[in-house]
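A.B. asks: okay, here's the prediction I keep looking at, along with the sequence it came from:
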Amino acid sequence: MSVPLATEARRAAAARWISTGARLVLGGVFVVAGALKAVDPQSSVAAVSAYQLLPASLATIVGWGLPFAEIALGLLLLAGIATRAVAAVAGMLLVIFIAGVVSAAARGLSIDCGCFGGGGQVDPGDTAYGIELVRDVGLLLLAAWLVWKPQSRFALDRSPQ
Amino acid sequence: MSSSKNVNARERARLAAEQAAARKRDRRILIAVVAGFVLVVVAAGIGFQAWRTYRSPSAVPSSSVPSSSVSASPATIVTGQPIVLGSSQAPTTITLYEDFHCPHCADFEEQFGPIITQAQESGAARVELYPMAFIDEGSVAAANAMACATEAGFGQAYYRGLFANHTLQWSDPQLIELAAKIGGSSTEAFQTCVTSKAHADWVSSIDAAAEKNGVAQTPTMLINGKSVDIANLTPDALKATITNATQR
């Protein structure tokens, strides 16, 4: 009786550490990605326009606002505030990013995803859709893990007890 | 005895339910606060970027303004030909392909611009400028206005002003205001040239020329026709390269 309980406790402790790592990695990536784009509004808007999915006015708003959304979500993740809800929103954003990259690849566009600043047209041979997708899917998995197990160490969220 | 036990149990259940409700309420408030935080940050961010983009241009910091101005005389704009800034007698030609909205070009200009300007002033080098315009409409407007400024005789100062204010949208009023800010004369001819996009065809011809010359990215720099690796360039290395090219 006592053995499975101890195993259970160990598993829960391990999950909390994994969640801590996931939170810090995802949050860190979001803050860095947002900051790199926020310093350069022109490129950010150009990167959004390069996907050719939004009308110009909307692309401007997204190009200006999205980096700050990333920074805000990243900071919340780093602090561990409302982790489950924030991770869910971050995951939704990542799904949108993945859809954008897939659609750009499917339409034969030659663009940089602009994930960490930059973006826009690149030479047809210089696209990196594969790596961009692997990275985004990896981050999406971290977000999904946090939705499943939001409890973590060094977080401002209340512990379950 | 048994009835008091029942009361206790009921009391405990009531307390537990109250606590659960309070937790639920707390969670809802937390989510609302977090959502509000994100929205406020995003709204403030959009406002900040709009301000950065639409504000008035500022003068180039005085420390980086050359003492005398290069190319103070008006020059003509020729289809497919770059803008030439500096003495036609200069032994060294520095060819620059830049987009006025390309952030790396602004970084390049901040780091290496003063060295290049110095070489132009001393008569060691002249700059052949291909102002490419592929990032957005502002790139086109700025490249057109650069041609207008060159015709009006304040091309060099205008060039520096454009990069010093590279986060601006480059609407017509901003481009016209910049001329006054950098000490150029914002004549009616210049203003008409800016608002009518008088050199729009020339701007496309520059993009076509760049493509023909195999230039795919900005900034691209050639010294006497030889491509320079900007990624690994230091200010001292650039100085040495210009000196070597000039002595040869």
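C.D. replies: On my side now, so go ahead.

A.B. asks: what's the span of stretch A:77-84, first residue to last?
C.D. replies: From its first residue to its last, stretch A:77-84 covers 9 Å (Cα to Cα, to the nearest Å).

A.B. asks: and stretch B:231-247, anywhere near chain A?
C.D. replies: No. Stretch B:231-247 is not in contact with chain A by Cβ under 8 Å from any Cβ of the partner chain; minimum separation 14.0 Å. (C-beta placed from N, C-alpha, C; glycine too.)

A.B. asks: which parts of that stretch are buried?
C.D. replies: Going by neighbour count (16 or more other Cβ atoms under 10 Å in any protein chain shown), the buried part of stretch B:231-247 is B:238, B:241, B:242, B:245, B:246.

A.B. asks: which ones are touching the third one?
C.D. replies: Spelled out, it's residue B:242. Contact analysis of residue B:242 by Cβ atoms under 8 Å, 6 or more residues apart in numbering or on different chains lists B:92, B:94, B:115, B:116, B:119, B:124, B:125, B:223.

A.B. asks: picking that back up, for the buried residues of stretch B:231-247, which one is nearest chain A?
C.D. replies: When the buried residues of stretch B:231-247 are compared for distance to chain A (Cβ to the nearest Cβ), residue B:238 wins out at 23.8 Å.

A.B. asks: just the element for that closest one, please.
C.D. replies: helix B:235-247 (DSSP states H and E).

A.B. asks: hmm, who's touching stretch A:107-114?
C.D. replies: Applying Cβ under 8 Å, 6+ apart, the external contacts of stretch A:107-114 come out as A:37, A:43-44, A:46-48, A:50-52, A:97, A:100-101, A:104, A:118-124, A:126-129, A:132.

A.B. asks: please redo it, this time with the cut-off set to 7 Å
C.D. replies: Defining contact as Cβ atoms under 7 Å, 6 or more residues apart in numbering or on different chains, one finds that stretch A:107-114 is touched by A:47, A:50-52, A:101, A:104, A:118-124, A:127, A:132.

A.B. asks: strands - which of the residues you listed land there?
C.D. replies: The members of the contacts of stretch A:107-114 that map onto strands under DSSP state E are A:120, A:121.

A.B. asks: from the contacts of stretch A:107-114, which land in helices?
C.D. replies: Residues of the contacts of stretch A:107-114 located in helices (DSSP state H): A:47, A:50, A:101, A:104, A:132.

A.B. asks: which among these gets closest to residue B:6?
C.D. replies: Minimum distance to residue B:6 across the ones in helices among the contacts of stretch A:107-114 is 62.7 Å, recorded for residue A:101 (Cβ to Cβ).

A.B. asks: which secondary structure state is assigned to residue B:9?
C.D. replies: For residue B:9, the assignment made with DSSP: H, G, I helix; E, B strand; the rest coil gives helix.

A.B. asks: assign the one residue in chain B that gets nearest to chain A to helix, strand or coil.
C.D. replies: Of all residues in chain B, residue B:45 sits closest to chain A, at 2.9 Å by Cβ to the nearest Cβ. Using three-state DSSP, the structure places residue B:45 in helix.

A.B. asks: neighbours of it, how many?
C.D. replies: A total of 22 residues lie near residue B:45 under the criterion other Cβ atoms under 10 Å in any protein chain shown.

A.B. asks: pick the one among the contacts of residue B:242 closest to residue B:230.
C.D. replies: Distance ranking of the contacts of residue B:242 against residue B:230, using Cβ to Cβ, places residue B:223 first at 11.2 Å.

A.B. asks: quick one: contacts for the nearest residue to the closest one once chain neighbours are set aside?
C.D. replies: Distance criterion Cβ to Cβ, 6 or more residues apart in numbering or on different chains; nearest residue to residue B:223, sequence neighbours excluded, is residue B:245 at 5.2 Å. For residue B:245, the contacting residues are B:92, B:223, B:224, by Cβ under 7 Å, 6+ apart.

A.B. asks: tell me the pLDDT at residue 117?
C.D. replies: Picked chain A for this. For residue A:117, the pLDDT comes out at 85.

A.B. asks: let's do chain B instead
C.D. replies: On the pLDDT scale, residue B:117 gets 90.

A.B. asks: distance of it from residue B:239?
C.D. replies: Using Cβ to Cβ, to the nearest Å, residue B:117 is found at 12 Å from residue B:239.

A.B. asks: what is the neighbour count of residue A:129?
C.D. replies: Neighbour count for residue A:129, taken as other Cβ under 10 Å: 17.

A.B. asks: check contacts around the most centrally placed residue in chain B.
C.D. replies: Geometric centre of chain B, nearest residue: residue B:166, 2.7 Å, by Cα atoms, centre = their mean. For residue B:166, the contacting residues are B:100, B:101, B:106, by Cβ under 7 Å, 6+ apart.

A.B. asks: dump these to JSON lines, plus pLDDT.
C.D. replies: Below are the contacts of residue B:166 laid out as JSON lines (pLDDT from 0 to 100):
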{"residue": "B:100", "pLDDT": "94"}
{"residue": "B:101", "pLDDT": "89"}
{"residue": "B:106", "pLDDT": "91"}
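
A.B. asks: can you narrow the residues you listed down to the ones near chain A?
C.D. replies: Restricting the contacts of residue B:166 to those near chain A by Cβ under 7 Å from any Cβ of the partner chain leaves residue B:101.

A.B. asks: if you rank the contacts of residue B:166 by neighbours, which is first?
C.D. replies: Highest neighbour count within the contacts of residue B:166: residue B:101, with 31 neighbours (other Cβ under 10 Å).

A.B. asks: secondary structure class for that residue?
C.D. replies: Going by three-state DSSP: residue B:101 is coil.

A.B. asks: tell me who's in contact with it.
C.D. replies: Contacts for residue B:101 (Cβ under 7 Å, 6+ apart) come out as A:42, B:135, B:136, B:138, B:139, B:142, B:166.

A.B. asks: which one is the first one nearest to, not counting chain neighbours?
C.D. replies: Translated: residue A:42. Nearest non-adjacent residue to residue A:42 (Cβ to Cβ, 6+ apart): residue B:101, at 4.8 Å.
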